[in-house]
Structure formats: C-alpha cells, structure tokens
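# take a look and give me a structure for this.
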Amino acid sequence: MLGSVGDWAGTVSAVAGFAALFPPCTPFAAPVAALTGGVALVAHSIAQFDDSPAASAGKDAAGLGSLGSHVFGAVQALP
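Numbering: from 1, shown residues only. You can find the predicted model right below:
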C-alpha cells in the first residue's frame, strides 16, 4: 500500500519538478514537487522492508524527482 502511494507521489513530484522549470508555473509547481517528493520519500522509507526490484526503482525515481525539483527551483530563484 505505502509503496504504491510512494510511487504515485514520486510521479507527481517528477512532473511538478519539470513544470517548475517554466517560470509561469514555478510558484505553483515547485512547492507541489517538494511536498510530494517528501511524501514519496517517507512512504518508501516506511515500506523499505519490501526488497523487490520495483520498490527499489520507485525509491530511486522519487529521490531523483525530489532532488531535481530542489535543484531547479534553486537555480530559477537566482537573480
């Protein structure tokens, strides 16, 4: 259950992180990416006892989506 929640949250985080690259969407998409990335990370951390390859791939994708949203959000915030 938590694994699928983490997968969906990671997907939303990745899409919102990409949308944050576009300046008109940044104020709305960046917080969504950060929050859903955090949800995905926590959900996968709790569900870490499932050592299937699909769960590992989901954790990796969630971490990359969250990291990407933070990096690109910070780059866009620079003057």
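# ok, the closest residue in space to Cys25 that isn't next to it in sequence - contacts?
For Cys25, ignoring the flanking residues on the chain, the nearest one in space by Cβ to Cβ, 6 or more residues apart in numbering is Ala19 at 4.5 Å. Placement of C-beta: from N, CA and C, glycine included. Residues near Ala19 by Cβ atoms under 8 Å, 6 or more residues apart in numbering: Cys25, Ala29, Ala33.
# where along the chain do the helices fall?
Using DSSP state H, the helices found in the chain span residues 2-19, 26-46, 53-77.
# lowest mean pLDDT among the helices and strands of the chain, which one is it?
helix 53-77 (a mean of 57; mean pLDDT, DSSP states H and E).
# right, and Thr36 touches Val15 too?
No - using Cβ atoms under 8 Å, Thr36 makes no contact with Val15, being 9.1 Å away.
# so if I had to pick from the two, which one is more boxed in?
Thr36 (25 against 15; other Cβ atoms under 10 Å).
# contacts only, for that one.
Contacts for Thr36 (Cβ under 8 Å, 6+ apart) come out as Ala9, Gly10, Val12, Ser13, Ala16.
# could these go into CSV alongside pLDDT?
Formatted as CSV, the contacts of Thr36 follow (pLDDT from 0 to 100):
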residue, pLDDT
Ala9, 91
Gly10, 89
Val12, 93
Ser13, 92
Ala16, 93
